Structures are given as C-alpha cells and as structure tokens.
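Colleague: Pasted the sequence and its predicted model underneath.
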Amino acid sequence: MASAADEDVRVTQTPGPNEMRDPVMRAEMRRASVWFALAAAAALVVLLIQPLLLIFAGLVVASMLDGGARLIRRAVPIPRGLALTIVVIGVIAFIGGVIYLTGVEIVAQAEQLRITLETQAMRISGWLSDLGLMPQASDLSGLAKEALGSVGRLTSFIGGAIGAIGSFFLVLVIGLFVAMEPRIYERGMQWMVPMASRDQFAITLARMARTMRVLLAGRLLGMVFEGMVTWILLSIAGVPMALLLGILTGMLAFIPNIGAFISGVLMVAVGFSAGQSEGLWAIAIYFGVQTFDGYVLLPLVAKRTVDMPPALTVSSQILMSTLFGFLGLALADPIVAMIKVALERRSEQAIEAGYGSDDVTGTEGELT
C-alpha cells in the first residue's frame, strides 16, 4: 500500500530543458547549428580558397565558351555541341597560330622588355635621388629589382616559362566540362536548395549566368580591341617591342583600371627608351586607346551588363589581390558582379514581398 508520504509525489510529464522534445531546446539547437555551420563554412572557405578560385576560374572559362556557342547558334541554327566544338577549335587554332607565327619574336622581345624596364627604372630612380626624393644610389639597384619583380615574372611567363601549368590545365578542363553540359551542374546546384526556394534560386542563377556571359564578352572585346590597336599604332610610331606590348595590353585589359595603368607604364617606359618622340607617341597612343575604350566600348557593355562603380571595382581588386594574389586580382571583377546580381535579386524579392519601395533604376530591368 502507498504511504501518506508517497501521496505527495508528483511526476512532471513535460519534457525537460535537456531533452530534444522540448520546443525551446529544439529552437536553441537549430540556432546553434546555424551559427556552427556558418563558422565551419567560413573556415572551409579560408582553407580551400585557392581551389575555390580555380573552380570559379573554370566557370569563367565555361561562360566564355558557352557565350561563343550561343553567338554561333544565333547566327547559324546548328546543334549546341557542334557550335561548342567550333568555338574550342577556333580558340586552339588562334592560340596555336599566334605562338607559331610570333613565338620566337615574343621570347626575344620579352627579355628585351625586362632589360629596358630595369634600365628606365634605374634612370628615374637616379633622377629622383639627385633631387633628394629617393634613397642613396647604393640602394637603388635593390629597389628597382624589387619593384620590377612582378613585371619580370609576367614577361618571363609570356616568354615561355611554364608557371602554374597544372592549375591552368585544370581550369580549362573544368570550363570545358561545364560548357558541354551546363544543365547537369545547374540541376545539381538547385538540388542543394530547398524546393520552396528553387524558383527564385533558378531566376537568380540564370541572371548570374547571363551577366557573366555579357561581362566576359565585353572584356574579350576590349582585350582584342586594345591589343590589336596598340600593336598597330605602336608599330606605325616606331616604338620598339610593339607586338609584345600589344599582347600585354590585351591581356591586362581583362583587369579593369589596374591593368590599363600597368600597360600604360610599360608602354611609356619602352617608348622613351627609344627616344623622346617615340615616348610622346606612346603617351598619345595610350590615352587615345583608353579614351575610346572608356567612353565608347565600356558604356556600350555597361548598358547590357552590371555597371559597377569604379571605386567598388578598384577596392575589390586591391582586397582580392592582397588576400589571394594575382588570381584574386583577375577574378575580382566577376566575383563582385555575381555578388551584385545576387543582392539585386534579393532586393527585388523584398520589394515583391511588400518591404520598401523600388527606387533602384536601370540595371535590374536591363537584365531581364
């Protein structure tokens, strides 16, 4: 029989705070899981940033190939695989033809460019030293070599150094595979998103892809224009190493703002090494090409793609180059463009849900 003391015993039937059945406990665990997942994701990004940048570079290559295939199919109604094959063969033939026709000349000019830049840097440093604006002459050699280290590596790479050939090959392979079957990878990315959010995610992904294609098309157009025109005009003006300067100018045009400044410094330094008139012609050609590109080509491209403020572009390039080196510098513009498209899409969704008002002009409507 139960005693009188047992009659005072009461058993609590509700779950305790240490049990997962407790709603408060579940909410706190979900919240903690979210923060833990964010911390783990940030740590993984830091540890795997170089492979992630290589993968993103592969996506950039895939966008270029896909854009070329779409352009061919817009002119000629052929299967997508055939159009992509034509683009790949065309790129290989162009690169192979340039190397075959100008390879020896580029190698010779690359070494000549390195010597010329070192000589010009020493002259400028000596002049500044005489004015009291630079250290003593004994330190000038080391300063010049340190300042021209990156230029020497760049010209050596163009002259035939292998560099990071393995990473470059992986980027090309990733880009080719993604361009061959983009729908497979798009479907895989959508699988990682909850079904309730897939419609909005698909729209954002499509806009990112289109923006990437148009952005890179504009970059390639600017690269070809600046490289060809610079080579032709420098050759007419009698500036030495016109072919190599044209190639460097075209390659550096992929990097907005900073690339144009570097190519201008190279052009002017080589021009004045041959004489005062050649140097003045190099300055005139540089400003003429950049003015036409900045006031004609870039506005036309900006109307069809993400028009990013110059300060934002330069700031992202400085940050990415400091953190991740040359690869981060080269990919800073596409990365910021993708982030901008995603943020604009989020803003549009908020407006559709009734939050705030649509006071953003231009860009979003042009992307649809």
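Modeller: That came in fine, so what should we check first? Numbering: from 1, shown residues only.
Colleague: ok, now how distant is residue 85 from residue 68?
Modeller: Separation of residue 85 from residue 68 (Cβ to Cβ, to the nearest Å): 11 Å. Any C-beta I mention is one placed from the backbone N, CA and C, and that applies to glycine too.
Colleague: So which of those two has more stuff around it?
Modeller: More crowded of residue 85 and residue 68, by other Cβ atoms under 10 Å: residue 68, with 22 against 14.
Colleague: quick one: that one and residue 87 touch, right?
Modeller: Yes: here residue 68 reaches residue 87: they are 3.9 Å apart, a contact under Cβ atoms under 8 Å.
Colleague: and residue 256, helix, strand or coil?
Modeller: Following DSSP: H, G, I helix; E, B strand; the rest coil, residue 256 is assigned to coil.
Colleague: For it, which residues are in contact?
Modeller: Residue 256 makes contacts with 310, 313, 317, 333, as judged by Cβ atoms under 8 Å, 6 or more residues apart in numbering.
Colleague: In helices, which of those residues fall?
Modeller: 310, 313, 317, 333 (DSSP state H).
Colleague: Thought residue 56 was touching residue 175, still the case?
Modeller: No: judged on Cβ under 8 Å, residue 175 makes no contact with residue 56 at a distance of 10.5 Å.
Colleague: Neighbour count: these two, which is higher?
Modeller: Neighbours were counted for residue 175 and for residue 56 using other Cβ under 10 Å; residue 175 has more, 21 against 17.
Colleague: which of the contacts of residue 256 lies closest to residue 259?
Modeller: Using Cβ to Cβ, residue 317 is the member of the contacts of residue 256 that lies nearest residue 259, at 9.3 Å.
Colleague: pLDDT at the nearest residue to that closest one once chain neighbours are set aside, what is it?
Modeller: Spatial nearest neighbour of residue 317, chain neighbours left out: residue 332 (4.5 Å); criterion: Cβ to Cβ, 6 or more residues apart in numbering. Listed pLDDT for residue 332 reads 85.
Colleague: Quick one: residues contacting residue 289.
Modeller: Contacts of residue 289 by Cβ under 8 Å, 6+ apart are 225-226, 229-230, 233, 249.
Colleague: nearest to residue 24, of those residues?
Modeller: Looking across the contacts of residue 289 and measuring by Cβ to Cβ, the closest to residue 24 is residue 226, at 62.5 Å.
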